[in-house]
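Visitor: Here's my sequence, what's the structure:
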Amino acid sequence: MSSRNIACLVSAMVLSLWSGILVAEDSPLSFTPEAEGRREVSVKSENEDFEWRLRIPERVFCDEGVLVGHDIFRVHERVTWSRDKNNRLQFRRDNLADTARESYPIRIEYALVIEPQSDGAKLHLTMKNIGKNTLHNVTGHICLGHLSDPFRDPVYERTYIRADEKFLNLHETGRGSDPIRAHYRIRNQPAIKIFDNPNNRFWGPLSPEQPDNGLILTQSKSGSRIVALWFDPASEVFQNSDEPNMCIHSDPTFGDLEPNESVTVTGRLILFGGDLKAFESAYVTGGN
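Guide: Below you'll find the model as predicted:
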């Protein structure tokens, strides 16, 4: 990278080092890691009173079992947030005690880089198998919780997936549990084994609808704003309308990981001004 490009990058990033906040002048969002070092980020709109909770990864699964924590509050060790040479927010977890299983010795490292963009951020998530056994169908569980009223969607009438090359309102889909929450396996992707059980006590059976990809989005009540989470490739998308959570998930898939193999999947967090048709033009048919 040229010295001019480096200077432009640095000048574009307005960083508050003491507070851990990542703010980029050309991004509509700011990112603040949870104070106690969990894998949780407060995401706020810089120009509007919107806030989300991003848990990344909330959990990590493979066919052999749960690799990372049952949930965000039961992880034995915290992560250490820092900035890379380009001032992107990041963390890395190595040699994790909470991924050990006596019956099947599995180990994984994982790392995250948050890269601000003009429409939100790119989310680079890396998984590396540091054990001696192949891990099959490794999948991250990524949670975006709506904390601001304009995006909370208790009856899932403003949340959409992409199916058969058109937007599908989740209110029009078969639901899994209650039907407060549901999960949808993406076409041609393997199921997440832990959820591929009709008796799953939390998420229930898979919806019969199969999304085209890992895009899931929620419109604001006014219809003038959209927040989207989109990993590619992804195995499933989730939507949860219970009051404590009110979240959407796009779960990246890393495939089978051989010992010492590392795979990075990049997702996007998008805050868009406009309606579904405009979003479709900008990101789907327009190929942004």
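Visitor: For residue 240, which non-adjacent residue is spatially closest?
Guide: Nearest non-adjacent residue to residue 240, counting by Cβ to Cβ, 6 or more residues apart in numbering: residue 181, 4.2 Å away. Using the backbone N, CA and C atoms, a C-beta is placed for each residue, glycine as well.
Visitor: Identify the residues contacting the spatially most central residue of the chain.
Guide: Taking Cα atoms, centre = their mean, the centroid of the chain lies closest to residue 142, which sits 3.4 Å from it. With contact set as Cβ atoms under 8 Å, 6 or more residues apart in numbering, residue 142 has these partners: 54-58, 123, 125, 229, 231, 249-252, 267.
Visitor: So which of the residues you listed sit within strands?
Guide: 54-58, 123, 125, 229, 231, 249-252, 267 (DSSP state E).
Visitor: per-residue confidence at residue 145?
Guide: pLDDT, residue 145: 97.
Visitor: Touching, it and residue 58? I think so.
Guide: No - between residue 145 and residue 58 there is no contact under Cβ atoms under 8 Å: 9.9 Å.
Visitor: who's in contact with residue 241?
Guide: Contact partners of residue 241, counting by Cβ under 8 Å, 6+ apart, are 153, 154, 155, 156, 180, 181.
Visitor: List buried residues within these.
Guide: By neighbour count, with 16 or more other Cβ atoms under 10 Å, those hold 153, 156, 180, 181 as buried.
Visitor: nearest to residue 30, of those?
Guide: Set against residue 30, the nearest of those by Cβ to Cβ is residue 153 (23.0 Å).
Visitor: What ranges does the stretch 101-250 of the chain have for its strands?
Guide: Assigned by DSSP state E, counting those that start in this stretch, the stretch 101-250 of the chain shows strands spanning 108-117, 120-129, 135-146, 159-163, 166-169, 181-185, 215-219, 225-232, 234-240, 247-257.
Visitor: Give me the mean pLDDT for the first one.
Guide: So the one you mean is strand 108-117. 92.
Visitor: now that strand, how far from the chain's geometric center?
Guide: In terms of Cα atoms, centre = their mean, to the nearest Å, the centre of strand 108-117 is set 11 Å apart from its chain centre.
Visitor: swap in the third one?
Guide: For strand 135-146, the separation from the chain centroid amounts to 7 Å (computed by Cα atoms, centre = their mean).
Visitor: Tell me what angle that strand forms with strand 120-129.
Guide: Per axes from the mean of the first three to the mean of the last three Cα atoms, to 10 degrees, the angle that strand 135-146 makes with strand 120-129 is 150 degrees.
Visitor: buried set for strand 135-146?
Guide: In terms of neighbour count (16+ other Cβ under 10 Å), strand 135-146 has its buried residues at 135, 137, 138, 139, 140, 141, 142, 143, 144, 145, 146.
Visitor: do the same with the first one
Guide: Neighbour counts over strand 108-117 (16+ other Cβ under 10 Å) mark 108, 109, 110, 111, 112, 113, 114, 115, 116 as buried.
Visitor: residues contacting the fourth one?
Guide: Okay, so that is residue 111. By Cβ under 8 Å, 6+ apart, residue 111 lies in contact with 90, 91, 92, 93, 125, 126, 128.
Visitor: and if you look at the first one?
Guide: Shown here is residue 108, whose contacts under the criterion Cβ under 8 Å, 6+ apart are 60, 67-68, 96, 99, 127-131, 135, 138, 257.
Visitor: ok, back up a step: what's the distance between the residue nearest to the centre of the chain and residue 267?
Guide: Going from residue 142 to residue 267 by Cβ to Cβ, to the nearest Å gives 7 Å.
Visitor: joint contacts of these two?
Guide: Contact with both residue 142 and residue 267 is made by residues 123, 125, 229, 231, 250, 252, according to Cβ under 8 Å, 6+ apart.
Visitor: how near is the fourth one to residue 249?
Guide: Counting by Cβ to Cβ, the gap from residue 231 to residue 249 is 9 Å.
Visitor: repeat for residue 31
Guide: Residue 31 is 18 Å from residue 249, where distance means Cβ to Cβ.
Visitor: cool, and residue 121?
Guide: According to Cβ to Cβ, residue 121 and residue 249 sit 17 Å apart.
Visitor: and what of residue 144?
Guide: In this view, residue 144 and residue 249 are 7 Å apart by Cβ to Cβ.
Visitor: Please apply the same query to residue 179.
Guide: The gap separating residue 179 from residue 249 is 16 Å, by Cβ to Cβ.
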